[in-house]
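# Sequence plus predicted model, see below.
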Amino acid sequence: MVKGIFYCLALFVPIQAVLSQDSTRADKKVSILPLPVVFYTPETRLGFGALTSGVFNLGAPSDTRASNIQVLGAYTINNQVIAQIKNNVFLKEEKYNFFGDISYFDFPIFYYGIGNNSKEENEEDLDYKVFAFQQRILKKVRDFNFAGLIYRGIHLYDLVFEPGVLTDDKPKLESEVGTYSGAGFAWLHDSRDNVLNSFKGAFLEISAVFHGDYIGSDFNFNRYRLDARKYWLLNTRTVLAAQFLGEFNDGDVPFRELALMGGDQIMRGYYQGRFRDKNQVAFQAEYRRQVIPWLGFVVFSGLGDVAASVDNFMLDDFKWT
């Protein structure tokens, strides 16, 4: 819930910066826009902070898309903290692409158990601290196609879980505190006209990340991901977009690293982690309409589910939003 509010603001800012950049002189290559952040959610109460977004171009607009860096800091009256730096950077002629983030979270979440049939009335408070570093480094192999490496290092600590209902989950959650370190590879096709606010083009990412003690991880598990998106420009103010997401994990997967259904990115309308398990498939489509330059709306729908194994997916169990 919190992340949804933050990320909506983080996406809004660079879109406006890019629009303003396109309308200024060609020699103005950097746009920086600060924005105050105020939010309220049941698990955090009142929170406030600041978001600064920088949009810049490291090459010619004809062959290099805009890059962006976002810096977010926020604090709640429950003494909770979030700090994050996100980057999506294209070098000149898009020879390399760097995408990732470094984050610190001290926020509670609602925990409902594991599986696609967890009950809403089993909602529990779960609190922990997380430090995370994730980066994807890709080299252009031909126009719009990139290949490269992924590294992710996550340290989870100071877990507090005093369940009233899901008492059997307490030993499992407490045993999964530690470090999750993984490395892998990714292949990416990205022909979107604008990575921040796409009007047309396609995006396809295929990746695999392997976590193990050989790279400093306390847990051994693998993650495979397929993310496919397509954008159609219907007219100057209207975009139709569609996305398929598949995330598949195997091995000794800690509770935080399970596939989480919901949130601000896909299956919106569900709390992120309302359902969690080793595997997830989801599909969504949305209709975007710009009413005036600074105001638009989106109508969306999604269908998806989580499952312990791929052969456990049943269409009758799928959730919709």
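Great, that's in hand. Numbers count the residues shown, from 1 in each chain.
# When you work out contacts or count neighbours from here on, use the C-alpha atoms and nothing else.
Fine.
# Tell me the helices and strands packed up against the lengthiest strand in the chain.
Identified as the longest strand of the chain according to DSSP state E is strand 124-142. On a contact count with 3 or more Cα pairs under 8 Å, 6 or more residues apart in numbering; DSSP states H and E, strand 124-142 meets strand 96-111, strand 145-160.
# Go through the ones you listed and find the least confident stretch.
In terms of average pLDDT, strand 96-111 trails the rest of the helices and strands packed on strand 124-142, at a mean of 94.
# Show me which parts of stretch 253-271 are buried, residue by residue.
253-255, 257-264, 266-268, 270-271 (16 or more other Cα atoms under 10 Å).
# Same check on stretch 58-65?
In stretch 58-65, counting by 16+ other Cα under 10 Å, buried: Leu58, Gly59, Thr64, Arg65.
# What are the contacting residues of that stretch?
Lys29, Asn57, Ala66, Ser67, Phe90, Leu91, Lys92, Glu93, Glu94, Asp193, Asn194, Val195 (Cα atoms under 8 Å, 6 or more residues apart in numbering).
# burial count for the residue found closest to Gly54 once you drop the neighbours it is linked to in the chain?
Spatial nearest neighbour of Gly54, excluding adjacent residues (Cα to Cα, 6 or more residues apart in numbering): Ile32 at 4.3 Å. For Ile32, the neighbour count with other Cα atoms under 10 Å is 17.
# contacting residues for Ile32?
Per Cα under 8 Å, 6+ apart, neighbours of Ile32: Ala17, Thr52, Ser53, Gly54, Val55.
# my guess is the third one contacts Ile69, does it?
Yes: taking Cα atoms under 8 Å as the contact criterion, Ser53 and Ile69 are neighbours in contact, 5.8 Å apart.
# neighbour-wise, which of those two wins?
With neighbours defined as other Cα under 10 Å, Ser53 and Ile69 compare such that Ser53 has more, 24 against 20.
# Can you give me the distance of the nearest residue to Phe203 once chain neighbours are set aside to Asn197?
Leaving aside its sequence neighbours, Phe203 sits nearest to Asp190 (Cα to Cα, 6+ apart; 4.5 Å). Per Cα to Cα, to the nearest Å, Asp190 is found 13 Å from Asn197.
# Those two - which one has more neighbours?
Using other Cα under 10 Å, the more surrounded residue of Asp190 and Asn197 is Asp190, with 19 against 15.
# Can you find the helix or strand of the protein with the lowest average pLDDT?
helix 2-22 (a mean of 38; mean pLDDT, DSSP states H and E).
# immediately after that one, which helix or strand?
Once the chain leaves helix 2-22, the next helix or strand it forms, by DSSP states H and E, is strand 30-41.
# Just checking: what are the partner strands of that following strand?
Take DSSP bridges as the rule and strand 30-41 pairs in its sheet with strand 45-56 (antiparallel).
# for Asn97, what are its contacts?
Here Asn97 is in contact with Asn88, Val89, Phe90, Leu91, Arg136, Ile137, Leu138, Lys139, Lys140 (criterion: Cα under 8 Å, 6+ apart).
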